[in-house]
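1. Provide a 3D model corresponding to the input given below.
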Amino acid sequence: MIKKFIYVSTVIAFVITGNAAIADHHAEEKPYPTFGIEHFACNYNEGKDLGDLLKVSEKWSEWATETMDHPYSAWLFTPMFFDSSRSHDVYWIGTSDTESSLGAVQDRWLKTGAKYQAEFNKVITCDRHNMFRGQTLRNTLDGSASGNAQFFACSFKETASPEKFDAGTKGFRAFVDTLNLKEGIWRWWPGAGHFGGNDWNFLEVVATDSMQVRFANKAKYDHHDGDSKWYENNGDVLQCAYVADANYIQVK
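-> Take a look at the predicted model:
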């Protein structure tokens, strides 16, 4: 994805100073299921490509399934639509059911994963590793083996409040539910490894099983004047921008 993907980098304080009260309040209420996310931004070494990475990932997945004591799923994200600001070839996104479980997975990897780390190092060089707290807003996908993801960077406006934020989220989610779209929607709140802060408060990620479904969803959304509904619910609270786009393949 593009550089903005994890600056969608940057997957620091929980959010930008001045907006922490809004994010903390929302996190405490936990109106949606939360989980842990880690993110690596990487480039292929000379002569290597996705095929090489998939071979290493397949071997790693077999080892991880036998070795890890906590749940862990992983995907490779490759930029789909991009411009000259793209800075990485591929992104590794790993998730666990909680941030604590993800920490346990990371501990196990540091103790026992040296052999496979060496194999990954032959294929890719990663210069960024950070974490997010994920929130599931909607998931009507048929599966997670492959698909497309859009990333939106969202910032709180000065007129935002915890009450407006929660009400806007619930109101817009209710509208989206009426459309019966096949998609997953998550919020990623920045956590460990976001050094220096970000110019956004959270990422909103929208995933579909295919490009065809993605644009079919968009046609239905536009037909029901979705943007107007979004501004009606969130216009006083958020400012969001489309910042990255990638296709993904699940490797575990």
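
2. quick one: the helices in the stretch 151-252 of the chain?
-> 162-179, 211-223, 226-234 (DSSP state H, counting those that start in this stretch).

3. How many neighbouring residues does F215 have?
-> Per other Cβ atoms under 10 Å, the neighbour tally for F215 reads 12. From N, CA and C alone the C-beta is placed, and that goes for glycine too.

4. Spit out the contact partners of it.
-> Listed by Cβ atoms under 8 Å, 6 or more residues apart in numbering, F215 has no contact partners.

5. rerun that using 10 Å as the cut-off
-> N148, T208 (Cβ atoms under 10 Å, 6 or more residues apart in numbering).

6. S100 contacts P71, doesn't it?
-> No: applying Cβ atoms under 10 Å as the test, S100 and P71 come out as separate, 11.7 Å apart.

7. which of those two has more neighbours?
-> P71 (14 against 11).

8. next helix or strand past the strand or helix carrying A104?
-> Secondary structure from DSSP states H and E places A104 in helix 99-112. Later in the chain than helix 99-112, the nearest helix or strand by DSSP H and E is helix 114-123.

9. what's the nearest residue to F40 if we skip its chain neighbours?
-> Once flanking residues are discounted, F40 sits nearest to W92: 4.1 Å by Cβ to Cβ, 6 or more residues apart in numbering.

10. just F165 next, same as before
-> V237 (5.2 Å).

11. With A74 as the reference, measure out to that neighbour.
-> Separation of V237 from A74 (Cβ to Cβ, to the nearest Å): 33 Å.

12. Same question for G226.
-> Look at G226 and A74: by Cβ to Cβ, they are 32 Å apart.

13. returning to that earlier point: next, the buried residues of the helix holding A104.
-> Judged by neighbour count using 16 or more other Cβ atoms under 10 Å, the buried positions of helix 99-112 are E99, S101, L102, G103, A104, V105, Q106, R108, W109.

14. nearest to Y231, of the residues you listed?
-> Taking Cβ to Cβ as the measure, Y231 lies nearest E99 of these, at 32.6 Å.

15. Give the buried residues for stretch 67-84.
-> M68, H70, Y72, A74, W75, L76, F77, T78, P79, M80, F82.

16. and if you look at stretch 176-185?
-> The neighbour-count check on stretch 176-185 (16+ other Cβ under 10 Å) flags V176, L181, E183, G184, I185 as buried.

17. pLDDT-wise, what's the bottom of the buried residues of stretch 67-84?
-> Lowest pLDDT of those: F82, 89.

18. List the residues that contact Q250.
-> Here Q250 is in contact with S57, S61, S73, A74, W75, L76, I93, G143, S144, A145, S146, G147 (Cβ under 10 Å, 6+ apart).
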